[in-house]
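A.B. asks: Task: produce atomic coordinates for the following.
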Amino acid sequence: MSEQQPEAATQRVAADDTEQPRPTLADKAGRSGPGPPASGGQHVRRFWSTRRVPAAIVALLAAAVTGLLLYDVVAVRVGRPAMSWRRSLADELASRPLDDGWMIGGAALAMAVGLWLLVLAVTPGLRRLLPMQPPADTRAADLRSGLNRSAVALVLRDRAMEVPGVQSVRIDVGRHKIRARIRSHFRDLEEVRADLESALANGLQQLGLARPPALSLDVRRPKKR
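C.D. replies: Next comes the predicted model:
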C-alpha cells in the first residue's frame, strides 16, 4: 500500500497538468486590462488646476494699485498735494453721468474681469486631463491618476490603424466625446466600421478612464485625386 500512494499522487498531478491549458495571448491581453472599479460607484472628481499665472497677475495688480493708493494717502497726510491722476479721476467720476460711454465701458470691463475670476475660482480646470478609475487597493485610496487627451488619442489611433482596410486615422478626444475620422481604401465600409467600433471600444475600456467619452465614427473612402 505504501508503494502505490506515490504513484497515485503522480497520476493526479499529471491529470491536473493536462486539464489546465496554457494561457493564450488573448487571455493575457484580457487580464492586462483594468478590472472593475473598486470604489463602489464613488464619484471621481476632475483634477483642479493651481492657476499660478492668473493668481500671480491678480496679486501683482492688487499689490501695485494698493501700494500706489497707500503712498498717495500718506503723502496727503503729511501735507503734500495728491497726485494729479487721482484728482482728475475723482473729478471725472463726480462730473460724468452714469449713462456716459466711458462709465459703461469701465463698468463692463470690471464686470467681465470679475466674472472671469469667478469662473476660475469655481471650475476645476485642467480640461486636457481625463481622470482614471481609482485603484482597487484600499491602501492607495488617496492615489489619483489621469491621462492626457493627446495620449488617449495616440493610443486609439494605433488601435484603429491595426484594423485591416484603414488607410488614415484622425482622432479628436474631448471631455465627453471622441470623434474619429477614418479613411478606408479597401474592404466594405460597414465591415470596417464594425471592426473599428470593437477595437476602439476595447482600447478605450483598457485605458481605465473613470468616465469614458462616447465614440463617434466617420468612416469614408479617401478622396480621388
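A.B. asks: From here on, just use CA atoms for contacts and neighbour counts.
C.D. replies: Will do.
A.B. asks: Listing request: residues of this structure with sub-threshold pLDDT.
C.D. replies: Applying pLDDT under 70 to the chain picks out residues 1-43, 136-142.
A.B. asks: Give the buried residues for the longest helix seen in it.
C.D. replies: For the chain, the helix with the greatest residue count under DSSP state H is helix 52-77. Within helix 52-77, the residues that qualify as buried are residue 72, counting by 16 or more other CA atoms under 10 Å.
A.B. asks: Follow the chain on from that helix and name the next helix or strand.
C.D. replies: helix 84-95 (DSSP states H and E).
A.B. asks: Residue 134 should be in a helix, yeah?
C.D. replies: No: counting by DSSP: H, G, I helix; E, B strand; the rest coil, residue 134 is not found in a helix; it is coil.
A.B. asks: Now do the end-to-end distance for stretch 213-225.
C.D. replies: Stretch 213-225 has an end-to-end distance of 35 Å (criterion: CA to CA, to the nearest Å).
A.B. asks: Please enumerate residues in contact with it?
C.D. replies: Stretch 213-225 has contacts (CA atoms under 8 Å, 6 or more residues apart in numbering) with 174-185, 189, 192-193, 197, 201.
A.B. asks: try stretch 161-179
C.D. replies: The contact list for stretch 161-179, computed with CA under 8 Å, 6+ apart, reads 127-128, 130, 149-150, 152-153, 156-157, 160, 180-187, 192, 195-196, 199, 212-218.
A.B. asks: Using PDB, list the CA coordinates for that stretch.
C.D. replies: The C-alpha trace of stretch 161-179 is given here as PDB (Å, rounded to 0.1, in the frame of the first residue of the first chain):
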ATOM      1  CA  MET A 161      -4.500  51.500 -37.700                       C
ATOM      2  CA  GLU A 162      -4.400  47.800 -36.800                       C
ATOM      3  CA  VAL A 163      -7.800  47.200 -38.400                       C
ATOM      4  CA  PRO A 164      -7.500  45.900 -42.000                       C
ATOM      5  CA  GLY A 165      -8.600  48.300 -44.600                       C
ATOM      6  CA  VAL A 166      -7.800  51.500 -42.700                       C
ATOM      7  CA  GLN A 167      -5.600  54.000 -44.600                       C
ATOM      8  CA  SER A 168      -5.600  57.100 -42.300                       C
ATOM      9  CA  VAL A 169      -7.000  58.000 -38.900                       C
ATOM     10  CA  ARG A 170      -7.600  61.300 -37.300                       C
ATOM     11  CA  ILE A 171      -8.900  61.200 -33.700                       C
ATOM     12  CA  ASP A 172     -10.000  64.200 -31.600                       C
ATOM     13  CA  VAL A 173     -10.600  63.400 -27.900                       C
ATOM     14  CA  GLY A 174     -12.900  65.700 -26.000                       C
ATOM     15  CA  ARG A 175     -14.100  65.500 -22.400                       C
ATOM     16  CA  HIS A 176     -17.400  64.000 -23.400                       C
ATOM     17  CA  LYS A 177     -17.000  62.700 -27.000                       C
ATOM     18  CA  ILE A 178     -14.300  61.200 -29.200                       C
ATOM     19  CA  ARG A 179     -14.600  61.900 -32.900                       C
END
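A.B. asks: Brilliant, that's me finished.
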